[in-house]
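Colleague: with the sequence up front, the predicted model follows.
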Amino acid sequence: MPEVVNGNNILLGRGKIYFDRFNASGVRTGELFLGNCPTFEITPTSEDIKKYSSADRSADLIASDVLRTTLAIRIVGDEFSKENLAMALFGDTATLSQTGAAVTNEAIADVLQGRYYPLSKRQVSLVTVSGTGGTPTYVLNTDYKVDATTGRIYIVEGGAITDGSDIEVDFTYGTIALPTVRGMNQTSVKGYLRFIGDPARGPKYECEIWRASLRADGAIGFISDEYASFTLAGDIESDAATHPNEPHYRLIRIA
């Protein structure tokens, strides 16, 4: 029977990626959907050793063997959840919390006009600014302005708060619990990776990678004229202890 090209096997890939990040003890914590990922690639590579003849000038290749093989992963994503950012910026996630209360006479020394000065809390309100000891009392928007969200005081140029002044600030602050990314406290990210294909054309595969080691690869455009994206690159590690017959990954054709 003659061979026939089957167009149904031509792949135009799409799909969803889930990552289950290991905790410090190497235990899975739950599969997280990474959102829209325009790229998911697995690249097999090999490191070879070659031996050439020394008996004649042509130096023919007389032996060639594979020393080792590796499988590289590359993911490009463009949804900036805190979990994705943590992976892309060598970090992890946490929460910035404060319980609302009031502060009296918070001192800021040697201020300059045209500069911002942070307070000790965020989400501030009922802000008053005075000189040391409570006098004089300065005027909002004339002598100073308030960035309530970040908790900063701006010293207005041309106002009554002169360069080198010491000021005191009274304010109240709200209760908050803000998601944060603590960057640069991880050197790599390890976990289980699942890809579930939903191709525009071709066979549908599910891929399970037992141990993926990922790291940030490339710039993140927080200011850009293009839609921002992040890139994670890494390797597939062997997990022969728990998957002796398929220690690296498996592909399952599901449709």
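Modeller: Looks like it came in fine. This is a predicted model, so every value here is computed, not measured.
Colleague: so I167, which of the three states?
Modeller: strand (DSSP: H, G, I helix; E, B strand; the rest coil).
Colleague: and it, what are its bridge partners?
Modeller: I108, G131 (DSSP bridges).
Colleague: show me the contacts for it.
Modeller: Residues counted as contacts of I167 (C-beta atoms under 8 Å, 6 or more residues apart in numbering) are A107, I108, V111, V129, S130, G131, T132, Y138, I153, I161. Using the backbone N, CA and C atoms, a C-beta is placed for each residue, glycine as well.
Colleague: run through the residues that contact the first one.
Modeller: Think A107. With C-beta under 8 Å, 6+ apart, A107 has these contacts: T132, D166, I167, E168.
Colleague: also F40?
Modeller: F40 makes contacts with G13, G15, I17, I73, R74, I75, F195, as judged by C-beta under 8 Å, 6+ apart.
Colleague: then L119?
Modeller: V103, E106, G151, R152, I153, V169, F171, Y173.
Colleague: nearest residue to the fourth one in space, please, no chain neighbours.
Modeller: Going back to what we said before, that points to R152. Y116 (4.6 Å; C-beta to C-beta, 6 or more residues apart in numbering).
Colleague: what's near enough to touch the closest residue to H243 other than its chain neighbours?
Modeller: Leaving aside its sequence neighbours, H243 sits nearest to W210 (C-beta to C-beta, 6+ apart; 5.5 Å). Contacts for W210 (C-beta under 8 Å, 6+ apart) come out as Y192, D239, T242, H243, P247, H248, Y249.
Colleague: what do you get for A148?
Modeller: Q123, V124, S125, V127.
Colleague: phi, psi of the residue most central in space within the chain?
Modeller: Nearest to the mean C-alpha position of the chain, by C-alpha atoms, centre = their mean, lies L85 at 2.1 Å. Dihedral angles of L85 (phi, psi; degrees, to the nearest 10) stand at phi -60, psi -40.
Colleague: which residues in the stretch 101-250 of the chain form strands?
Modeller: 101-111, 116-118, 124-131, 144-147, 152-155, 165-173, 176-182, 189-197, 205-216, 230-236, 249-253 (DSSP state E, counting those that start in this stretch).
Colleague: so what strands line up beside the second one?
Modeller: The sheet places strand 116-118 alongside strand 152-155 (antiparallel), with pairing taken from DSSP bridges.
Colleague: just the last one next, same as before
Modeller: With DSSP bridges as the test, strand 249-253 is paired with strand 205-216 (antiparallel).
Colleague: so how far is the partner strand off the chain centroid?
Modeller: 16 Å (C-alpha atoms, centre = their mean, to the nearest Å).
Colleague: quick check: angle from it to strand 189-197?
Modeller: On the basis of axes from the mean of the first three to the mean of the last three C-alpha atoms, to 10 degrees, strand 205-216 is oriented at 150 degrees to strand 189-197.
Colleague: buried residues, strand 205-216. List them.
Modeller: Y205, C207, E208, I209, W210, R211, A212, L214, R215, A216 (16 or more other C-beta atoms under 10 Å).
Colleague: from P2, how far off is the fourth one?
Modeller: Relative to P2, I209 is positioned 38 Å away (criterion: C-beta to C-beta, to the nearest Å).
Colleague: buried set for stretch 215-224?
Modeller: By neighbour count on 16+ other C-beta under 10 Å, the buried set for stretch 215-224 is R215, A216.
Colleague: and the contacts of it?
Modeller: Here stretch 215-224 has contacts from 74, 87-90, 187-189, 228-234, using C-beta under 8 Å, 6+ apart.
Colleague: could you pull up the mean pLDDT of that stretch?
Modeller: Averaged across stretch 215-224, the pLDDT comes to 94.
Colleague: for stretch 49-63, same thing?
Modeller: Here the average pLDDT along stretch 49-63 is 97.
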